[in-house]
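Trainee: sharing a model prediction with you, sequence too.
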Amino acid sequence: MDILVARTDAELDLAYESLRGAVALGCDTETSGFNSRVGKLFSVQFSDGEFNVLVPISEGIALGPLADILTDAAIVKIFHNAKFDLEFLTDSNYAVANVFDTMIAEKVLTRGAGQSSSLAETLYRYFAVDLDKSQRAKFNRKWDGIWTDELVDYALSDVIHLPRLMAEQNAWLEKLGLTGEFEEQLEKIFLPANNANQHE
């Protein structure tokens, strides 16, 4: 997997130039907890499925030009449980436009089937990907904020699969005639943050 931990202005510019032409990007955050009012944003991750970028906010690095990626309505930002990530990003003064939520899509697709919509379970069903979540426990208020290779790999292990997952889910939503229902559910939750109905 092609990984860039963007710490310098040159690295942030490289990441922006590599990602700004994407149609859709997987996005994720790592945080100190579940409440954005008291928790801290530790990182923001981006992936087009091949090139993967982590910005280590915990080390005092800002998104720089990558903030423009988040607000670019021409690029779909793919999150799993976007409401959580958007709360932390908003509280850090980062706006996001054009959101696709794979968790909501999976809930629409599996409603009544009694299946989990967690990312780990969803990725296993679609791609037989077995996510290791053991590193997550290190992200807490006592963490020193330094990114090891293991933590970087963990943080990017989710986001790398999101573009492919969105494509699969969109195909099933269309096949089952559920695209409209998905968009309605998405708009109910993300209308203030979603600038456009561009989910394709």
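Mentor: Great, that's in hand. Owing to the predicted nature of the structure, the values given are computational and were not obtained by experimental measurement.
Trainee: helices along this structure, start to end?
Mentor: According to DSSP state H, the chain carries its helices in the segments 9-19, 66-71, 82-91, 102-110, 119-127, 149-159, 162-175, 179-190.
Trainee: using JSON lines, lay out these together with mean neighbour count and distance to residue 47.
Mentor: (C-beta placed from N, C-alpha, C; glycine too.) Shown next, in JSON lines, are the helices of the chain (neighbours: other Cβ atoms under 10 Å; distance: least, Cβ to Cβ, whole Å):
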{"stretch": "helix 9-19", "mean neighbour count": "16", "distance to residue 47": "9"}
{"stretch": "helix 66-71", "mean neighbour count": "18", "distance to residue 47": "12"}
{"stretch": "helix 82-91", "mean neighbour count": "20", "distance to residue 47": "14"}
{"stretch": "helix 102-110", "mean neighbour count": "21", "distance to residue 47": "13"}
{"stretch": "helix 119-127", "mean neighbour count": "17", "distance to residue 47": "13"}
{"stretch": "helix 149-159", "mean neighbour count": "19", "distance to residue 47": "4"}
{"stretch": "helix 162-175", "mean neighbour count": "18", "distance to residue 47": "7"}
{"stretch": "helix 179-190", "mean neighbour count": "15", "distance to residue 47": "20"}
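Trainee: between those, which one is closest to residue 36.
Mentor: In this view, the helices of the chain are compared for proximity to residue 36 by Cβ to Cβ, and helix 82-91 is the closest at 4.1 Å.
Trainee: for residue 47, give me its contacts.
Mentor: Contacts for residue 47 (Cβ atoms under 8 Å, 6 or more residues apart in numbering) come out as 25, 26, 53, 156, 159, 160, 162, 163.
Trainee: the same query, at a cut-off of 6 Å, please.
Mentor: By Cβ atoms under 6 Å, 6 or more residues apart in numbering, the contact set of residue 47 is 26, 159, 160.
Trainee: quick check: beta-bridge partners of it?
Mentor: In this structure, residue 47 bridges to residue 26, residue 52 when assessed by DSSP bridges.
Trainee: distance check, it against residue 136.
Mentor: From residue 47 over to residue 136 the distance is 18 Å, taken as Cβ to Cβ, to the nearest Å.
Trainee: now residue 52
Mentor: Counting by Cβ to Cβ, the gap between residue 52 and residue 136 amounts to 18 Å.
Trainee: more crowded one of those two?
Mentor: More neighbours sit around residue 52 than around the other of residue 52 and residue 136, counting by other Cβ atoms under 10 Å; the figures are 24 against 13.
Trainee: so that one touches residue 158, yeah?
Mentor: No - using Cβ atoms under 6 Å, residue 52 and residue 158 do not qualify as a contacting pair, with a distance of 10.5 Å.
Trainee: low-confidence stretches in the chain?
Mentor: Per-residue confidence for the chain (pLDDT under 70) gives these ranges: 190-200.
Trainee: which non-adjacent residue is nearest residue 46?
Mentor: Closest residue to residue 46 in three dimensions, ignoring its sequence neighbours and counting by Cβ to Cβ, 6 or more residues apart in numbering: residue 53, at 4.6 Å.
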